[in-house]
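# From the sequence below, what's the structure:
(chains A and B)
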Protein chains: 2
Amino acid sequence: MSKILRINTATRTYNFEDVPSELASLGGRALTSKMVLNEVPATCHPLGAANKLIIAPGLLSGSPAANSGRLSVGAKSPLTGGIKESNSGGFVSQKLARLGIKAIVLEGKPDDDDYSMVVITKDGVQILPADEYVGMGNYEAIEKLWAKYGKNTGVMSIGPAGEQRLKAASIQQADLKGTPGRAVGRGGLGAVMGSKKIKAIVVDDKGCDRLPIADAEAFKVANKRWVEMLNNHSVTGQGLPGFGTAVLVNVINEAGALPTKNFRSGRFDHAQDISGEKMVENIKARGGIVSEGCHPGCVIKCSQVYNDKDGKQLTSGFEYETLWAFGAHTTIKDLDDIAMLDRLSDDIGVDTIETGVAIGVAMEGGLLEWGDGKAAIELLKEVGKGTGNGKILGNGAAFVGDALGIDRVPVVKRQGLPAYDPRAVKGVGVTYATSPMGADHTAGYGVTANILKVGGDINPLKKDGNVELSKNLQIATAAIDAAGLCLFVAFAVLDNADGVQTIVDLLNAQYGIKLTPDDVVALGKSILNDEKEFNKRAGFTKLDDQLPEMFNTKFPPHNSEWDFSIDDLQETLNF
Amino acid sequence: MSKILRINTATRTYNFEDVPSELASLGGRALTSKMVLNEVPATCHPLGAANKLIIAPGLLSGSPAANSGRLSVGAKSPLTGGIKESNSGGFVSQKLARLGIKAIVLEGKPDDDDYSMVVITKDGVQILPADEYVGMGNYEAIEKLWAKYGKNTGVMSIGPAGEQRLKAASIQQADLKGTPGRAVGRGGLGAVMGSKKIKAIVVDDKGCDRLPIADAEAFKVANKRWVEMLNNHSVTGQGLPGFGTAVLVNVINEAGALPTKNFRSGRFDHAQDISGEKMVENIKARGGIVSEGCHPGCVIKCSQVYNDKDGKQLTSGFEYETLWAFGAHTTIKDLDDIAMLDRLSDDIGVDTIETGVAIGVAMEGGLLEWGDGKAAIELLKEVGKGTGNGKILGNGAAFVGDALGIDRVPVVKRQGLPAYDPRAVKGVGVTYATSPMGADHTAGYGVTANILKVGGDINPLKKDGNVELSKNLQIATAAIDAAGLCLFVAFAVLDNADGVQTIVDLLNAQYGIKLTPDDVVALGKSILNDEKEFNKRAGFTKLDDQLPEMFNTKFPPHNSEWDFSIDDLQETLNF
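Below you'll find the predicted structure:
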């Protein structure tokens, strides 16, 4: 039986507790959101002792199911003030599952300023002084921790941004190369970890048994079909392995939906320069890695290693949204500058989307010039140094807008909008407005039917069908996040009649249960309802489920408009 | 008939319009709040084109009624996100009234970065380029404007903080000495003026007729009684003229309610050093002015001129709340340092309460040492320079807390708490929690019955009676703010059976109407209802009507606790 590991960060003690029956069938986002709702007072200060950081593997994590190694992290968000779940690849999720740990809960808050680290192995839990790692970037910290605890150890750590408890602070996970390429990025969860003075969590499953599978044969059959499905779909079998998510730069630019210069138009003159094709060209010329998984057992392998001109690793996990945020949004067009911004973000420990959006807002406010990559790099370094401008930037886009006194700030629930203009990809726009997470493309990725024509064909420029699209995707995504599956499996699932059934087969075989696809839909709804309830208790109203005023203009080249009323939007998560 | 002057700041044009009948009987805060509710979309960005800055003399302003020269300024607040009315002395209110201007409305927002100034005389309105004043502190700006437009001209201007549209930015008015000693301080209204690119408004009533009085004889009788009442009360006739509001340092410290070191205890070891008695001693020794009005026609004269050791004016209008914010709250004990902080605030154009609270929060977060007055002065100068740390400080206490990632931040609705601990002066505490303005002592000054035993005797440490006290004071205050009367008249009004009737007599005589005291109460309620309605539309809920978690501890020396539930507090403005 798996257990919940509670760590009292005030007393630096821990205990394992049995999983209450209410939580027994939950994992990943379903579990973090339920526990945040149950245990965190919704009106508490996100950096106070009452907030909790909850870390949970998905339901399928640790099993041989392909692409099931995502780790969910939840808390009250310092960025949005609402509930947050952010998930990432890396090693931790699978190892926790094999260690029989259903969730780690970081509770309380030390009175002193001493940092600790948590080391979890099959022999037990150690809470150790972390003095030697304090102030360190994630690159160095993870390198040292791998040197000490072994290669391929699961590590999640915070950088200087998390130590400063900045609202854009991430938690980074060691990737397959031992660099901090995987980010629990959105919502400032690194600040919550920093407030609890935990620099790193090290997870080692050496000596653990394999995860028990109730019906091994059925699992094997289902997983075979699952892998086949992922390999055969054009997006998960070709597009993503070929160019990573960066394949989207040209696609979204072509669609006129690539937000350029702080959402002024949907086409970036220099899109080619920051495209997936260009990225792959550089990787090949410089001896990097074009296609790699974000966790063991991934068959999509949309990650990569991007080297500098001297052939030395510059960054890894170089995502489309990162390219956009530091690129088209700010009009920086030098791919190596953008790669450096990505590296610095991973090292300092800030979300690349939030930070890129924030740099664009800083340009809007005149703090640096549009398109000046070198100035952006210097500004980002300030975050690591903890200067005044660094603290402004590191607190995200809304904070920068407030600091500079400007009103053109693309945020919902104070979280920066990602890489798809809501007026030109309305299925995503509805998700931005209504997701309990704030502006989050992964919460209901309408790009599928809007642009990629996966799982349907819904006009991205018209209102019709996009509330329904976002609703269905938000429900499905919540369930996928509960399973610990990579979101990209959705492409294959949406285009295969037996897609959902195959996930259900995996879950049933693993746990010896009898879920139906309807149960999965019910789970997705229940997760969203928990999240909405938390936000309601935290003081959110329907007024928070809207885009800011800056989107009340026509968006070129299609000159589409944002035409959803508050009541339209309230329909999205009404079930 | 008086008119409304609308200034379109985008086109730099203006027009006078007739006062609609709904607004005819309103003035001061009643008018600004009604117009903000009617004209400003509650969900708009406070620095966007849709917000409006509304400037209105009180109903009695411009008449010979004693202490009737307060000017109300309203808008959606950049600090709180809710409605705001802030009022101050100075010359503008009376002059606008004599010019027949019921309100000035600054609308729209220029597309360019050019600043303008508005000059209003009986011959008309000019909207002039203000290039030569841009970047200037309020001291220099007002000096130059008096040199150009004449001594005793009404001037309201913003400093570098307002130009940067910072959330703590004030609008300063020329005081009787032509220095910017009078502040429209709270809520960041200077940022709204800055967003509209208006550096200054100059108001000259030369050549105007006296304000018409419907029943001159009745007015004279009422005003005689009014002056007598103010002169004869111990607070308005002796305490305030003798030591200014600074008389309260020792009183509140003695009561154990002077929040010290970011609200850790109610007694400051160095209270004597920053007391009114010490201030007056310095003023006398250095040749300043102990007692002066904040506007012509004041008979209380709680203002002063405080000179430095060389006998040169250091600051004026040196209030108790300023002494507390820069003093006990930060544990700075050098009165001259505090006076310099007051001067710099007036010059740069920031609210002294918000800025002092913010400096204490910055100390809490380790940005500077507790009690270091020189470091505080340097930090405040950064606001004028527009550095990163300057922008952090200039955006107020909540912003500093967010920037530094700490949770001990004394704010309600993101506005810093003033100089009375809510656990030790519960009548004021209820006002902090529930006022639509955010934490504002002037919105319902329970110090009266709690500490000074004026208008009743209600235990400041107990719950009983304090909701009712705050309610009644909030209603009365709203009406006083509508009349353009100085809030301190309340002391005399509360202790004289004919107090309210005398104000009613003044209003009836001036306008030839037949109000009763009940009408005045109804006006106060109606103002508060307008303000609550705006905030509701802006997304505020009852969760916003609470103190932050940091007040959930016992407060020494009396070890009193904050024991009001959400429902208790909701009763306060339920009528």
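# Which residues of chain A lie near chain B?
Of all the residues in chain A, those in contact range of chain B (CB under 8 Å from any CB of the partner chain) are A:43-45, A:47-48, A:50, A:78, A:164-167, A:191, A:194-195, A:382, A:387-392, A:395, A:399, A:402-407, A:409, A:538-539, A:541, A:543-544, A:546, A:548-549. Glycine gets a C-beta too; all of them are placed from N, C-alpha and C.
# Just the buried ones among the residues you listed, please.
Buried positions within the residues of chain A next to chain B, assessed by neighbour count (16 or more other CB atoms under 10 Å in any protein chain shown), are A:43-45, A:47-48, A:50, A:78, A:164-167, A:191, A:194-195, A:382, A:387-392, A:395, A:399, A:402-407, A:409, A:538-539, A:544, A:546, A:548-549.
# How about A:Thr516: what's its closest non-neighbour residue?
The shortest distance from A:Thr516 to any residue other than its chain neighbours is 6.6 Å, reached at A:Val504 (CB to CB, 6 or more residues apart in numbering or on different chains).
# Buried ones in the host helix or strand of that neighbour, by neighbour count?
Mapping A:Val504 onto the secondary structure by DSSP states H and E places it in helix A:499-511. Of the residues in helix A:499-511, those with enough neighbours to count as buried (16+ other CB under 10 Å) are A:499-511.
# just these now: which is nearest chain B?
A:Val500 (37.1 Å; CB to the nearest CB).
# ok, back up a step: distance from the helix holding A:Val504 to the middle of the chain?
Helix A:499-511 sits 24 Å away from the centroid of its parent chain (CA atoms, centre = their mean, to the nearest Å).
# With stretch A:501-520 instead?
Using CA atoms, centre = their mean, the distance from the centre of stretch A:501-520 to the centre of the chain it belongs to is 25 Å.
# sorry, back to before: next, give me the two most distant ones among the buried residues of helix A:499-511.
In the buried residues of helix A:499-511, the most distant members under the criterion CB to CB are A:Gly499 and A:Tyr511, with 19.6 Å between them.
# residue ranges with poor pLDDT in the stretch 401-550 of chain A?
Low-confidence segments of the stretch 401-550 of chain A, defined by pLDDT under 70: none present.
# hey, where'd the strands end up in it?
For the stretch 401-550 of chain A, strands defined by DSSP state E, counting those that start in this stretch occupy the ranges A:411-412, A:415-416.
# Same list (these) but as a markdown table, adding mean neighbour count and distance to A:Phe16.
Rendered in a markdown table, the data for the strands of the stretch 401-550 of chain A read as follows (neighbours: other CB atoms under 10 Å in any protein chain shown; distance: least, CB to CB, whole Å):
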| stretch | mean neighbour count | distance to A:Phe16 |
| --- | --- | --- |
| strand A:411-412 | 26 | 39 |
| strand A:415-416 | 30 | 34 |
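# quick revisit: so of the residues of chain A next to chain B, which ones are in helices?
Within the residues of chain A next to chain B, residues falling in helices by DSSP state H are A:191, A:194-195, A:382, A:388-392, A:399, A:402-404.
# farthest residue from the center of chain A?
In terms of distance from the mean C-alpha position of chain A, A:Glu217 ranks first, at 33.0 Å (CA atoms, centre = their mean).
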